[in-house]
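Peer 1: next input, structure requested:
(one chain, ligands or ions: 1)
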Amino acid sequence: MTLKNDLVLRAARGEKVERTPVWLMRQAGRVLPEYRAVREKMGGFKELVETPEFACEVTIQPVDILGVDAAIIFSDILVIPEAMGLPYQMVEAKGPWFEKTIKTADDIAQLRVAQPEDLHYVMDALKLTKKTLDGRVPLIGFAGAPWTIFAYMIEGSGSKTFSKAKKFLYTQPQLSHLLLQKITDSTINYLKGQIVAGADMLQLFDSWAGILSPEQYNEFSLKYISQICDAITEVPFTVFAKDAHFARVQMGKLSCDTIGLDWTMDIAESRAMIGNTKTLQGNIDPCLLYADYDVIKKEAVKMLKAFGPDRHIANLGHGLYPDLEKDKVRCFVDAIKEFRF
Ligand code: CP3
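Peer 2: Numbers count the residues shown, from 1 in each chain. Model (predicted):
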């Protein structure tokens, strides 16, 4: 099916665009009262993720309500540990929690390498969403980067320091590699399945990149991200490694199309480090959207000018916060869409 709006895909491939496209990390849910209404009808977050009709509905909401140039499938990065054998719960107001975690070689041996069939509900949600979108905008699929998934599998929940996960790297480097490889193989299978199910573009989230040393990042994260980039050749691919300042030069050498920047990364400096062969995505501080409308508009234009007209997909530097006002979010999206170089 030909897309009516393929700006995001063209920008990712480095082709000319009439204007800079925009979508927002965590656009599905959270800030939309319409999302909260659907969420209330369901038992909870997981039920929403696992019911394709509802996942489809909340995936398309931001396209209708915020006017973004892409939809991102409503799911979570934690579906991979679950498919491998570690079920998660999303505890209200607390976040993810795993009953079983990885401690020993035997725990790792017992994990399965996930196959697309294990995540049939995500595949069904993608198929239904692709059909329902009817070519209006591209559909983005995603997964967590192996290091970030590893961190949750060892830690068993969110954490400020992920010290258990980091301790595992220092004390069990060989087992760490074994687990990271199993997660990588599962992630490649999963992302390939998402392409078959209709994803037009894919993004990898390395949310906990910034807590590793540069040396550890090379050994325990980039090595596996690189395998995934090499395996995904069918659709444009984005790598977003939060706080990974130190890795920007190496990220420029990955075989992906787009690199996500957070708001702490200087735009010109990042471009110089990453080079001209990648599209950059980002990077407004989500907290800007608490400011007055005129400040939001001014900063949005400032960001666009700093990135320039080529190879940029406008986004935030991380996900939307739940207490942001929908009208402020919409103001940011409109400011991007109205601007012309
Ligand atoms: O971007 C989107 O709109 C698509 C959906 C999406 C969700 N999670 C839905 C979600 C995406 C892309 C994610 C990715 C994700 N999940 C990441 C990587 C990106 C990042 O933020 O760094 C991480 C680390 C997770 C793990 C996770 N999921 C945590 C720690 C939490 C609880 C804290 C929080 O941020 O709310 C979640 C829950 C979650 N995932 C919600 C949503 C909409 C909130 C659930 C709710 O209250 O309804």
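Peer 1: burial measure for the nearest residue to residue 245 once chain neighbours are set aside, as a count.
Peer 2: In space, and not counting its chain neighbours, residue 245 is closest to residue 265: 6.3 Å by CB to CB, 6 or more residues apart in numbering. For glycine as for every other residue, the C-beta is placed from the backbone atoms N, C-alpha and C. Residues lying near residue 265 (other CB atoms under 10 Å) number 21.
Peer 1: from residue 246, how far out is residue 265?
Peer 2: 11 Å (CB to CB, to the nearest Å).
Peer 1: residues touching the residue nearest the centre of the chain, list them.
Peer 2: Compute the mean C-alpha point of the chain, and by CA atoms, centre = their mean the closest residue is residue 205, 4.3 Å away. Neighbour list for residue 205: 77, 142, 143, 144, 145, 148, 240, 242 [criterion: CB atoms under 8 Å, 6 or more residues apart in numbering].
Peer 1: host element of the second one?
Peer 2: Assigned by DSSP states H and E, residue 142 belongs to strand 139-144.
Peer 1: which strands and helices sit next to the next helix or strand after that strand?
Peer 2: Per DSSP H and E, strand 139-144 leads on to helix 146-155 as the next helix or strand towards the C-terminus. Contacts defined by 3 or more CB pairs under 8 Å, 6 or more residues apart in numbering; DSSP states H and E place helix 146-155 against helix 79-84, strand 95-98, helix 163-171, helix 173-197, strand 201-206, helix 223-231.
Peer 1: got a list of contacts for the worst-scoring helix or strand of the chain on mean pLDDT?
Peer 2: Every helix and strand in the chain was compared by mean pLDDT, DSSP states H and E; the lowest is helix 33-41, with a mean of 90. The contact list for helix 33-41, computed with CB under 8 Å, 6+ apart, reads 28, 29, 45, 48, 54, 57, 58, 61, 65, 326.
Peer 1: could those be laid out in JSON lines, adding secondary structure?
Peer 2: JSON lines is the format used below for these (DSSP: H, G, I helix; E, B strand; the rest coil):
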{"residue": "28", "secondary structure": "coil"}
{"residue": "29", "secondary structure": "coil"}
{"residue": "45", "secondary structure": "helix"}
{"residue": "48", "secondary structure": "helix"}
{"residue": "54", "secondary structure": "helix"}
{"residue": "57", "secondary structure": "helix"}
{"residue": "58", "secondary structure": "helix"}
{"residue": "61", "secondary structure": "helix"}
{"residue": "65", "secondary structure": "helix"}
{"residue": "326", "secondary structure": "helix"}
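Peer 1: if we take the residues you listed, which one ends up nearest to residue 175?
Peer 2: Nearest to residue 175 among those is residue 45, at 30.9 Å by CB to CB.
Peer 1: what's the span of stretch 200-209 from first residue to last?
Peer 2: End-to-end span of stretch 200-209 (CA to CA, to the nearest Å): 25 Å.
Peer 1: pull the contacting residues for whatever residue of the stretch 201-341 of the chain ends up closest to the ligand.
Peer 2: Closest residue of the stretch 201-341 of the chain to the ligand, CB to the nearest ligand atom: residue 207 (3.1 Å). Neighbouring residues of residue 207 by CB under 8 Å, 6+ apart: 77, 144, 145, 148, 242.
Peer 1: so what does it look like in phi/psi?
Peer 2: The phi and psi values for residue 207, taken as degrees, to the nearest 10, are phi -70, psi -30.
Peer 1: tell me the pLDDT of it.
Peer 2: With respect to pLDDT, residue 207 has a value of 98.
Peer 1: please begin residue numbering at 12 from this point
Peer 2: Yes, from this point I'll number from 12; that puts the last item at residue 218.
Peer 1: distance check, it against residue 162.
Peer 2: 9 Å.
Peer 1: quick revisit: winner for burial among the helices and strands packed on helix 157-166?
Peer 2: Burial of the helices and strands packed on helix 157-166 is given as mean neighbour count (mean count of other CB atoms under 10 Å); strand 212-217 ranks first at a mean of 25.
Peer 1: which SSE is immediately downstream of it?
Peer 2: For strand 212-217, the following helix or strand on the C-terminal side (DSSP H and E) is helix 225-228.
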